[in-house]
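Novice: Next one to model:
(2 chains)
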Protein chains: 2
Amino acid sequence: MTSVLIIGTGLIGTSIGLAIAGAAEGVWLSDADPVSARLAADLGAGVVYDGSFPGGQPADLAVLAVPPDAVAPMLASAQRDGLARFYTDVASVKQSPVARAIAAGCDMSVYVPGHPLSGREKQGPAAARADLFLGRTWAICSTPWASAGAVEAAGWLVAACGATLVMTDPATHDRWVALTSHAPHVVAAAMAARLADAEPRALDLAGQGLRDVTRIAAGDTELWTQILAGNADPVADVLAEVAADLAEAARLLAGDSVTPGSRIPDSRTPDSRTPDSRTPDSRTPDSRIKGIADLLDRGRAGVDRIPGKHGTVSPVFAQVQVVIKDQPGELARLFDVAGAAGVNIEDIRIEHSPGLPAGVAELSVRPAETTALVQALRAAGWAVYS
Amino acid sequence: MTSVLIIGTGLIGTSIGLAIAGAAEGVWLSDADPVSARLAADLGAGVVYDGSFPGGQPADLAVLAVPPDAVAPMLASAQRDGLARFYTDVASVKQSPVARAIAAGCDMSVYVPGHPLSGREKQGPAAARADLFLGRTWAICSTPWASAGAVEAAGWLVAACGATLVMTDPATHDRWVALTSHAPHVVAAAMAARLADAEPRALDLAGQGLRDVTRIAAGDTELWTQILAGNADPVADVLAEVAADLAEAARLLAGDSVTPGSRIPDSRTPDSRTPDSRTPDSRTPDSRIKGIADLLDRGRAGVDRIPGKHGTVSPVFAQVQVVIKDQPGELARLFDVAGAAGVNIEDIRIEHSPGLPAGVAELSVRPAETTALVQALRAAGWAVYS
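Specialist: Here you go, the predicted model:
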C-alpha cells in the first residue's frame, strides 16, 4: 500500500494525512474548500491534488473523510472519475452510507466502510493531530461485497495511523456506537442545555466534572444531526433508558408520589427496575436513598467496563503506589530497580506538584508481579502502598 | 493565619495540607484511620496530630475535610475539645450541614462553610495533589452568625491553596452546585449505567468522548448519595429537565407518535418547548430533525457559558508527546535522557494498549523547558510531538 488520496481535509482527513506521512509513498489532499486543502498541505498532511496523479495511475486507496450524508455521493463521483483502486470512509454511522452507496450504483467490491473512534470537539484541519488515532480504536466493517484487497487496504490505513483495528459489520457497528458515542453526545447536550438559561453566577461554581460531562456537546450541530438521524432507532433506545433512569432519580429525590400515567413511555425498553406506573410509590426515605445509590452503583459498574487508561484504572493490571522524592534520577532509578527485579511496568501515572518534596507514582503491573515489585522497591528504600 | 488542623486526610484534606505547606506555620493531620493520616504525612501534607499542639494553643483554623453528614457532629466534637479558633469545612452541600450544626448547638460565630470545586473521581490521600485547587473555584458561604475573623480565616485558606474565592450563601450555593456538579454526576451515572449490561464487544468502540462523559460516575457511591440526599430538591429539578429533553429526543428519533399520558411528569419544571402530551405529534421528518438540532444547539450554547479551559490537561505545564516502543527499559531511558538534558518531567501519562508495538507518553514540563526536552528526545531517536 503506497499512495493515498484523502477527500475532505477536515479534522479527521488532515489527521490521517499527518499520521501516514511516513508510511505512505504519497498522500494527495482534496477538499471542496481549496483553502482547507492548502492548510492541510501546509501542516504536512500531503500535497494538494490538482486533478491528476504522477504517471496517471489512480491512488491505491481513497479515504472519504466527509460527513455521513456525503459519503455515498462522493464515492459514486470518485468511482466515476476512477480516482483510486480501493475506497474507505470515516463516517460515524455505517448502515445508511452503505445503503445509499448501493442505491447510487457504486462498485461495492472495492469499498470498505470504516470509522476511527477519535473525534474531537474541535473541527477543521488546524485542529488535526498526527497522533489522533494512536492507540485508538478504528472500526472496519465487512460487507458481503467487499473484496479481500479492499479490506486489506483499509487495514493498512488503520495500522499506518497507529490505531487498533476492530472488525465488525455495519449493523453491529451502528448499534455499538449508539451506546458508546451517539447517545452520550445527546446526553451531554441535554445536560449542557441546562446551562444555557442558568443564572449567570451559577457557572462560577463550574468545576472539571461539568467540563468533562459536557465537553463533547460543543461538537458541530450539523454533523451530529446527520449522525443521529443516520442511527436514529438504536440511539433512541439508549436515550429512552437514560431518560427513564433520570426521571426516576428526580422522583426519588423530590419525594413525589407516582401518579397514574406519569412514567416515561418505554415500550421499546421495558425496565424491570422501576415500579409499575400505576402503583403509588410507598417507599420510605431510606429506600428512596437506596434507589439513588443503586443508580450510582450501576453507573460505577458501567464506567469500570470502559477499556483503556483514562479516568479509571485499567482492570487488567494491579496498581502499586510509590512515594517519590523530587530529585533528579529518582524515576530512572525506580525503573532500574523494577527491571532488575524482572518486573515490567506497564503504565505509570505521576501525581506531583512542582516545588513539593514528594509525589506519588502509580505503577500498573501484571497482578502476579506485584509482590516482587513491592519487595524490590521497599528494599531499595521507597515507601510503597499496594 | 498560621497553624491549621486538617481533620480528615482523604483526597481533599491531604491536598489542602500539600497546598498550604509553604504558607502555614504548621499543619496537623488527623483522621479516624491512622494509616491514612500517616500516608498523608509521608506525602508532605503535615505532621500527624497526636492529641496536643506545641505550646498547648489551639490551631488557628480547623478544616473539616469529611463527608457532608459528618461535618456537624465533627464540628460539635472539635469545638467541645477546643481544637481551633476558627472552623471551615469542604463538603459539597452547605444548607444541611449548617442546619445540623445549629441543631447540635455549635458556636456558629467561628464557623464558615466552604466548598472547593475540585473533586476527582479518585479517593484517598494517595490521589492528593498540591495543585488540586490551583485556579479552581472555592465557594465560601456567609451566614448571619459568622464573625469577620472566621470569614477572614476561611479566605486565607482559599488564597493559600491558590483557588479563586466565590462568596455566596448556603441556599444559593446548593442551588448552583445542583446545576454545575450534582445533577451532572447523576447524568453521568445514568449514561454509564447503560454500559453495565452492554454486550461485551460494544465497549471495543468506546472513545474519549464516552470516557469524559462518564468519568465522574466512578465517584464514591456513599459520598455521592449523601451529597444528593443533602441537596435533593434542586437536583431533582435539573434532572427532571434533562430527562424531559432526552425523552423528547428519543421520541423524535424513533418517530413514535405521542400517546396520551406518555410525557414525563414535570409540574416543577414546565417545558414550553415540548408539545402537549395529549396532542399527537404530526411533525414531518424535517421538523423532527430540527428538534434534535435545537437540542444540540442549546447544548452548545450551554457549553459556551462554562468559564475556563476544557479538557483535562493541566493549565500550568506544557505537554510533549513521545511515541514509545513496547520494549524493556524504554521509559527508564526516556527519563535518563530528560535528566541529562536538565529537564524535570513533572507528570507523565501513558496511552498504551498491551500488545501494541507503540504507545504515546504525554510528558508535562515547565513551558520554558519544552524546547530542551524535545531536542534531547529527538536526538536520542524518539518521535516527538509538542
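
Novice: the helices in chain A, which residues?
Specialist: A:11-19, A:34-42, A:68-81, A:95-103, A:148-160, A:170-177, A:183-196, A:208-214, A:221-229, A:232-254, A:285-304, A:330-340, A:370-379 (DSSP state H).

Novice: okay, those in JSON lines with mean neighbour count next?
Specialist: (Each C-beta comes from the backbone N, C-alpha and C, glycine too.) Formatted as JSON lines, those follow (neighbours: other CB atoms under 10 Å in any protein chain shown):
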{"stretch": "helix A:11-19", "mean neighbour count": "27"}
{"stretch": "helix A:34-42", "mean neighbour count": "18"}
{"stretch": "helix A:68-81", "mean neighbour count": "20"}
{"stretch": "helix A:95-103", "mean neighbour count": "19"}
{"stretch": "helix A:148-160", "mean neighbour count": "19"}
{"stretch": "helix A:170-177", "mean neighbour count": "22"}
{"stretch": "helix A:183-196", "mean neighbour count": "27"}
{"stretch": "helix A:208-214", "mean neighbour count": "24"}
{"stretch": "helix A:221-229", "mean neighbour count": "21"}
{"stretch": "helix A:232-254", "mean neighbour count": "25"}
{"stretch": "helix A:285-304", "mean neighbour count": "19"}
{"stretch": "helix A:330-340", "mean neighbour count": "19"}
{"stretch": "helix A:370-379", "mean neighbour count": "17"}
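
Novice: could you redo these as CSV and give each row distance to chain B and mean pLDDT?
Specialist: Below are these laid out as CSV (distance: least, CB to the nearest CB, whole Å; pLDDT from 0 to 100):
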stretch, distance to chain B, mean pLDDT
helix A:11-19, 9, 93
helix A:34-42, 17, 89
helix A:68-81, 11, 97
helix A:95-103, 13, 96
helix A:148-160, 10, 96
helix A:170-177, 4, 96
helix A:183-196, 3, 96
helix A:208-214, 4, 90
helix A:221-229, 4, 92
helix A:232-254, 4, 96
helix A:285-304, 3, 89
helix A:330-340, 3, 84
helix A:370-379, 13, 91
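
Novice: Dump the ones you listed into TSV; add distance to B:Val112 as well.
Specialist: Formatted as TSV, the helices of chain A follow (distance: least, CB to CB, whole Å):
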stretch	distance to B:Val112
helix A:11-19	47
helix A:34-42	53
helix A:68-81	54
helix A:95-103	57
helix A:148-160	56
helix A:170-177	48
helix A:183-196	28
helix A:208-214	24
helix A:221-229	44
helix A:232-254	27
helix A:285-304	29
helix A:330-340	40
helix A:370-379	43
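
Novice: Grab the most central residue of chain A for me.
Specialist: A:Leu117 (4.1 Å; CA atoms, centre = their mean).

Novice: Now do the same contact list for that residue.
Specialist: Taking CB atoms under 8 Å, 6 or more residues apart in numbering or on different chains as the criterion, A:Leu117 is in contact with A:136-139, A:177, A:180-181, B:205-207.

Novice: Swap in 10 Å and give it another go.
Specialist: A:Leu117 sits next to A:92, A:133, A:136-139, A:163-164, A:166, A:176-177, A:180-181, B:204-210 when contact means CB atoms under 10 Å, 6 or more residues apart in numbering or on different chains.

Novice: got it, and A:Pro200?
Specialist: Applying CB under 10 Å, 6+ apart, the residues near A:Pro200 are B:Arg305.

Novice: Look at it and report its pLDDT.
Specialist: pLDDT recorded at A:Pro200 is 83.

Novice: One more: the one 5 residues further on?
Specialist: Reported pLDDT at A:Leu205 in the predicted model: 91.

Novice: quick one: it and B:Val166 touch, right?
Specialist: Yes - in terms of CB atoms under 10 Å, A:Leu205 counts as a neighbour of B:Val166; the distance is 6.6 Å.
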